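# dropping the sequence and predicted coords here.
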Amino acid sequence: MRAGMGVLGWPPDAFWNATPIELRRAVEGYGMTQGTDPDSGAPMNSGYMTPEEYADLKAACLATQAESERRLAEREKAAGGDSR
């Protein structure tokens, strides 16, 4: 009851209508948002990207965007300048 109505903030009817599996999954999900591994209960990483991970993701996104723009330009050229 403490986890469902206290930590999760469920109203009593939601708590009493939840199955044990639903309660467990909700508690695990809450724990994950707080940085806890649901299987072991051990602390997980912060969930935030490092500056290096951000730079890698940004580079990958920009490369994908450039490739999409290149393909669109090729289609427009093949269609006589207007692909619409």
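Alright, I've got the coordinates.

# what does the domain assignment say about this protein?
Domain ranges of the chain: 1-47, 49-84, per automatic domain parsing.

# pLDDT of the first one, averaged?
Spelled out, that is domain 1-47. Per-residue pLDDT over domain 1-47 has a mean of 82.

# now stretch 64-82: average pLDDT?
87.

# next, the buried residues of that stretch.
Within stretch 64-82, no residue counts as buried by 16 or more other CB atoms under 10 Å. For glycine as for every other residue, the C-beta is placed from the backbone atoms N, C-alpha and C.

# same deal with stretch 15-30?
For stretch 15-30, using 16+ other CB under 10 Å, the buried residues are Phe15, Ala18, Leu23, Ala26, Val27.

# let's see which of those residues end up in helices.
Phe15, Leu23, Ala26, Val27 (DSSP state H).

# nearest to Ala79 among those?
Ala26 (51.9 Å; CB to CB).

# check contacts around that closest one.
By CB atoms under 8 Å, 6 or more residues apart in numbering, the residues touching Ala26 are Gly4, Leu8, Trp10, Ala18.

# same check, this time on Val7
Residues near Val7 by CB under 8 Å, 6+ apart: Val27, Tyr30.

# for this protein, longest helix please?
helix 51-78.

# now for that one, which elements pack on it?
Contact analysis of helix 51-78 by 3 or more CB pairs under 8 Å, 6 or more residues apart in numbering; DSSP states H and E lists no helix or strand as a packing neighbour.
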